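[1] here's my sequence, what's the structure:
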Amino acid sequence: MITRHQRNGLITLCLTGCINGCASSPQQTTPVMVPPPPMPRYLTQPLPAPEGIDNIRTNQDLLTLLTDYEQLRRRMNTDRDAVKRLWESMTPSMTSELAPDDRDIDE
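    All right, here's what the predicted structure looks like:
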């Protein structure tokens, strides 16, 4: 039969062991390098010039349309180059990897 003092002593001994066991072994954190996902090609591929315009009636319409398209295309290509440079600066080890199958997203 365990007496009250023995029981309290055992409880104290167990609690002290548990507390000291936890305090003496701090958790070690392990750094994990998680590679970023590859850059989708549709964000970095240059855009082609416009094709097959049906609503051109005069030369002025043609010039206006081509000028507008060329301005938009140059601006988009500049944006895509900026995205590519930003991505490369964020992930130096993954700069040349591009997503292999993202053609369906482009179209």
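
[2] buried residues of the helix ranked longest in the chain, list them for me.
    The longest helix of the chain (DSSP state H) is helix 59-90. By neighbour count with 16 or more other C-beta atoms under 10 Å, helix 59-90 contains the buried residues 80, 84, 87. Placement of C-beta: from N, CA and C, glycine included.

[3] quickly name whichever of the residues you listed is closest to residue 8.
    Ranked by distance to residue 8 (C-beta to C-beta), the buried residues of helix 59-90 are led by residue 87 at 64.4 Å.

[4] so for the spatially closest residue to the closest one that is not a sequence neighbour, what's the pLDDT?
    Among residues not flanking residue 87 along the chain, residue 39 sits closest, at 5.0 Å (C-beta to C-beta, 6 or more residues apart in numbering). Note for residue 39: predicted pLDDT of 75.

[5] try the one 4 residues further on
    Listed pLDDT for residue 43 reads 74.

[6] cool, residue 49 as well?
    Residue 49 is given a pLDDT of 61.

[7] next, count neighbours for residue 56.
    13 (other C-beta atoms under 10 Å).

[8] just list the residues touching it, thanks.
    62, 65 (C-beta atoms under 8 Å, 6 or more residues apart in numbering).

[9] now it: phi and psi?
    phi -100, psi 120 (degrees, to the nearest 10).

[10] distance of it from residue 71?
    17 Å (C-beta to C-beta, to the nearest Å).

[11] what's the answer for residue 33, then?
    42 Å.

[12] which residue is the nearest non-sequential neighbour of residue 62?
    residue 56 (5.0 Å).

[13] likewise for residue 61?
    Using C-beta to C-beta, 6+ apart, the nearest residue to residue 61 is residue 55, at 7.4 Å.
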